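>>> Got a predicted structure plus its sequence, pasted below:
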Amino acid sequence: MIKAFFFDMDGVLFDSMPGHAVAWVKAVRRYGLDMTAEEVYESEGRTGAGTINALARRIWGRDASEQEIKDIYAAKSEVFNEYFRERGEAPVIPGVADVLDAVRTHGLMRVIVTGSGQLSLLDNLNKHFPGHFSRELMVTAFDVTRGKPDPEPYLIALQKAGIAADEAIVVENAPLGVQAAHAAGIFTVAVNTGPLPDQKLWDAGADRVYPNMAALVADLHSLETK
């Protein structure tokens with residue numbers, strides 16, 4: 001019996017990934033690293049430190065130091081916040097409010113599981129989704145030592161919710177997030193809100209793939225009784 005839905009944040013609740021893509025591409029160049037926008041989408045779900053170390057190993061042949069991680073992530077956050085200061089805050093993904101309302105109507109827990117440490121987005125949760133989320137049922141970059149695609153974030157979410165893997169459904173949008181949830185043994189649906197092809201989500205282990213949140217809402221009953 002399903003007791004909870006686990007939601008990723010970037011690309012699932014907020015259409016924030018275009019800002020992340022611009023921020024990562026610009027910020028890492030300052031430090032002699034190189035990353036394309038497509039690579040940002042493919043890396044979505046990793047913690048900031050995980051993303052930086054993946055680049056450092058590829059280009060420098062080593063892990064980044066703690067100070068390098070701190071400096072690069074600060075630069076990334078600066079560009080990210082500037083991006084949305086100029087354009088307004090990251091918009092809510094169309095239709096996700098309907099998903100959350102339907103989940104709440106069915107009496108199910110809503111849990112955030114994100115690799116983000118972007119405080120500006122975390123602060124927006126209560127503003128845009130009042131009454132849906134609590135800090136006690138939230139897993140962020142500050143809670144994990146190994147980010148997605150490692151299953152640790154979702155295993156911690158199961159512990160916080162006090163449920164078994166077969167009592168949850170994950171809503172993701174990125175291959176690494178799908179991979180993490182699948183590795184944790186949780187039924188995982190992917191809503192493709194970005195530019196990557198659906199096949200990348202299927203290949204990562206998604207149990208179902210939807211083109212948008214409206215399609216997910218329409219299929220919610222079948223998910224609860226899967």
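In hand now; what should we look at?
>>> Would you mind listing the residues in contact with the closest residue to G147 other than its chain neighbours?
Distances taken as CB to CB, 6 or more residues apart in numbering place T47 nearest to G147, at 3.6 Å, with adjacent residues excluded. From N, CA and C alone the C-beta is placed, and that goes for glycine too. By CB atoms under 8 Å, 6 or more residues apart in numbering, the contact set of T47 is 115, 117, 141, 144, 147.
>>> Please verify my assumption that G115 contacts D143.
No. Taking contacts as CB atoms under 8 Å, G115 lies outside contact range of D143: 10.3 Å.
>>> And the helix or strand bottoming out on mean pLDDT in the chain, what does it pack against?
Ranking every helix and strand in the chain by mean pLDDT, DSSP states H and E puts helix 119-128 at the bottom, with a mean of 78. Packing partners of helix 119-128 (3 or more CB pairs under 8 Å, 6 or more residues apart in numbering; DSSP states H and E): helix 66-87.
>>> Show me the contact partners of the next helix or strand after the helix it packs on.
Moving toward the C-terminus from helix 66-87, the next helix or strand (DSSP states H and E) is helix 96-105. Around helix 96-105, the neighbours that count as contacts under CB under 8 Å, 6+ apart are 5, 7, 12-13, 110, 128-129, 131-132, 171, 213-214, 216-217, 220.
>>> try stretch 8-23
7, 37, 40-41, 44-45, 76-77, 79-80, 83-84, 87, 90-93, 96, 112-114, 116, 118, 121-122, 124-125, 128-129, 170-174, 177, 191, 193-194.
>>> Also stretch 179-190?
Contacts for stretch 179-190 (CB under 8 Å, 6+ apart): 6, 45, 148-155, 158, 165-166, 168-173, 178, 201, 204-210, 216, 223, 226.
>>> so who does G177 touch?
By CB under 8 Å, 6+ apart, G177 lies in contact with 8, 44-45, 115, 148-149, 170.
>>> try 6 Å this time
G177 makes contacts with 8, 45, 148, as judged by CB atoms under 6 Å, 6 or more residues apart in numbering.
>>> any idea which of those is least confident?
Lowest pLDDT among those: G45, with 84.
>>> That one: neighbouring residues, count only.
The local packing of G45 (other CB atoms under 10 Å) involves 29 other residues.
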